[in-house]
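S.K.: Provided below for reference: sequence and predicted model.
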Amino acid sequence: MRIRGEILGENHPDYATSLNNLAAFYNETGNLKNVESFLLEALKIKREVLGKYHPEYATSLDNLAGFYDAIGNYEKAEPMYIEALRIRKENLGENHPDYATSPNNLCSLLQHNRQL
């Protein structure tokens with residue numbers, strides 16, 4: 001992380017991807033303390049650098065929504081899943097594999113929240 005930040009800068013999309021990966025590692029190991037802050041920072045970088053309509057921004061939205069979904073914060077997760085779905089549909093189309101994850105994640109959340 002440190003090296004990538006020094007070489008690319010901390011506002012580079014690849015640095016944001018590293019933050020997402022680090023958050024995923026901490027999430028998998030049960031160390032949830034920093035997961036949200038890493039995901040929020042990655043989302044901020046992707047929004048500032050790529051724009052809020054870019055598919056990579058949608059991926060960061062999806063990652064953060066997945067974290068909120070996993071900890072039971074459905075109110076925060078649902079609008080993020082919906083926004084990721086919209087971005088992917090508009091930019092990638094419904095036949096793209098990345099699009100397919102969006103309705104799946106949203107349906108999973110709605111099932112957890114007993115809205116389906």
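M.R.: Perfect, I can see it now. Quick caveat, the model's predicted, so the values are computed rather than measured.
S.K.: Determine the next helix or strand in the C-terminal direction from the lowest-mean-pLDDT helix or strand in the chain.
M.R.: The helix or strand of the chain with the poorest confidence is helix 2-8; it has a mean of 67 (mean pLDDT, DSSP states H and E). On the C-terminal side of helix 2-8, the nearest following helix or strand under DSSP states H and E is helix 13-28.
S.K.: any idea how far that next one is from the chain center?
M.R.: The chain centroid and the centroid of helix 13-28 are separated by 10 Å under C-alpha atoms, centre = their mean, to the nearest Å.
S.K.: Can you point out the buried residues in it?
M.R.: 13, 15, 16, 17, 18, 19, 20, 22, 23, 24, 26, 27 (16 or more other C-beta atoms under 10 Å). C-beta: built from backbone N, CA, C; applies to glycine.
S.K.: what about the nearest residue to the first one once chain neighbours are set aside, how many residues close to it?
M.R.: What sits nearest to residue 13 in space, not counting adjacent residues and going by C-beta to C-beta, 6 or more residues apart in numbering, is residue 49, at 5.6 Å. Taking other C-beta atoms under 10 Å as the neighbour definition, residue 49 ends up with a count of 16.
S.K.: just the one 4 residues further on next, same as before
M.R.: Applying other C-beta under 10 Å, we find 12 other residues in the vicinity of residue 53.
S.K.: Repeat that for residue 97.
M.R.: Using other C-beta under 10 Å: residue 97 sits among 7 other residues.
S.K.: Please enumerate the strands of the protein.
M.R.: In the chain, no strands are defined using DSSP state E.
S.K.: Alpha carbons of the lengthiest helix in the chain, as CSV, please.
M.R.: Taking DSSP state H as the assignment, the helix of the chain that covers the most residues is helix 74-92. Extracted in CSV, the C-alpha atoms of helix 74-92 (Å, rounded to 0.1, in the frame of the first residue of the first chain):
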residue,chain,number,x,y,z
TYR,A,74,-29.6,-2.7,5.2
GLU,A,75,-30.7,0.9,5.2
LYS,A,76,-27.2,2.0,4.0
ALA,A,77,-26.6,-1.0,1.8
GLU,A,78,-29.8,-0.9,-0.3
PRO,A,79,-29.4,2.5,-2.0
MET,A,80,-25.8,1.7,-2.8
TYR,A,81,-26.8,-1.6,-4.4
ILE,A,82,-29.5,0.2,-6.4
GLU,A,83,-27.0,2.9,-7.6
ALA,A,84,-24.4,0.3,-8.6
LEU,A,85,-27.1,-1.6,-10.5
ARG,A,86,-28.1,1.6,-12.4
ILE,A,87,-24.5,2.6,-13.2
ARG,A,88,-23.7,-0.9,-14.5
LYS,A,89,-26.9,-1.2,-16.5
GLU,A,90,-26.3,2.2,-18.2
ASN,A,91,-22.6,1.7,-18.8
LEU,A,92,-22.1,-2.0,-19.4
